[in-house]
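Participant: Next comes the sequence, and after it the predicted model I'd like to discuss.
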Amino acid sequence: AQSVTQLGSHVSVSEGALVLLRCNYSSSVPPYLFWYVQYPNQGLQLLLKYTTGATLVKGINGFEAEFKKSETSFHLTKPSAHMSDAAEYFCAVSPSGTASKLTFGTGTRLQVTL
Amino acid sequence: DTGVSQDPRHKITKRGQNVTFRCDPISEHNRLYWYRQTLGQGPEFLTYFQNEAQLEKSRLLSDRFSAERPKGSFSTLEIQRTEQGDSAMYLCASSLEVLGEQFFGPGTRLTVL
């Protein structure tokens, strides 16, 4: 079985500050890991994914995440927050090897203040 | 083709009524997924298809729920005898088997009165 824990249901940062959203996973097999963003009343948009290879993954809108197997973590970061980053962020895991169902965390709502 | 589409975007129904949602995936994608998302939660997997075959169903999918993908293209999700607890956002996603990346539609928000 796989699971994802997102620490912090709400995170607030000032515009221009570092964004750090935490995600820890549990998986009995090598996982694929994903970060999705959801704006109000919209579906989910993929920010980035880790499958194999380089553990530092760069995504859209300046986000990146690092897969740390020893810590079972896949934290999402962005050096400088922008007002448009305010949204709900979901970390998800699936078994590696093929497209399969995603198991999502409960999400972190990011608020960006002036 | 601009992405995954879902219809309707919003549905309000009375308890006990049947509802049906439609999902049109990205045309070359052979896998199609249904998820349910309630307020304050992440999406929860319901079921998925590879082409027209339904390969897995979650235990969340009670007997009142049925999903089809008759020709391996669009899919429908039907809920019979709706209950207030069925109120949620129903999300559809599609993917190519080998890539693993799922693309989501905008969702259908169901409200059961």
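Facilitator: Nice, I can see it.

Participant: Quick one: the strands in the chain, in order.
Facilitator: Using chain A here. Secondary structure of chain A, counting by DSSP state E: strands at A:3-5, A:10-14, A:19-21, A:24-26, A:31-38, A:44-50, A:56-58, A:64-68, A:73-78, A:87-95, A:103-104, A:108-113.

Participant: looking at chain B here, not the other one
Facilitator: Applying DSSP E to chain B gives strands spanning B:5-7, B:10-13, B:19-24, B:31-37, B:44-50, B:53-57, B:65-68, B:75-79, B:88-95, B:103-104, B:108-112.

Participant: So B:Pro43 is in contact with B:Leu91, correct?
Facilitator: Yes. Using C-beta atoms under 8 Å as the test, B:Pro43 is close enough to B:Leu91 to be in contact (5.6 Å). The C-beta positions use only the backbone N, C-alpha and C, and glycine is treated the same way.

Participant: For the spatially closest residue to B:Cys23 that is not a sequence neighbour, list the residues it contacts.
Facilitator: Nearest residue to B:Cys23 in three dimensions, chain neighbours excluded: B:Cys92, at 3.4 Å (C-beta to C-beta, 6 or more residues apart in numbering or on different chains). Contact analysis of B:Cys92 by C-beta atoms under 8 Å, 6 or more residues apart in numbering or on different chains lists B:4, B:6, B:21, B:23, B:25, B:32-35, B:75, B:77, B:104-105, B:107.

Participant: Please report how far B:Cys92 lies from B:Ser5.
Facilitator: B:Cys92 sits 9 Å away from B:Ser5 when distances are taken as C-beta to C-beta, to the nearest Å.

Participant: Spell out which residues are contacts of both of those two.
Facilitator: Residues touching both B:Cys92 and B:Ser5 comprise B:23, B:105, with contact defined as C-beta under 8 Å, 6+ apart.

Participant: What is the burial count for the nearest residue to A:Leu110 once chain neighbours are set aside?
Facilitator: By the measure of C-beta to C-beta, 6+ apart, the closest residue to A:Leu110 outside its immediate chain neighbours is A:Val11, 5.3 Å from it. For A:Val11, the neighbour count with other C-beta atoms under 10 Å in any protein chain shown is 18.

Participant: No further queries at this time; thank you.
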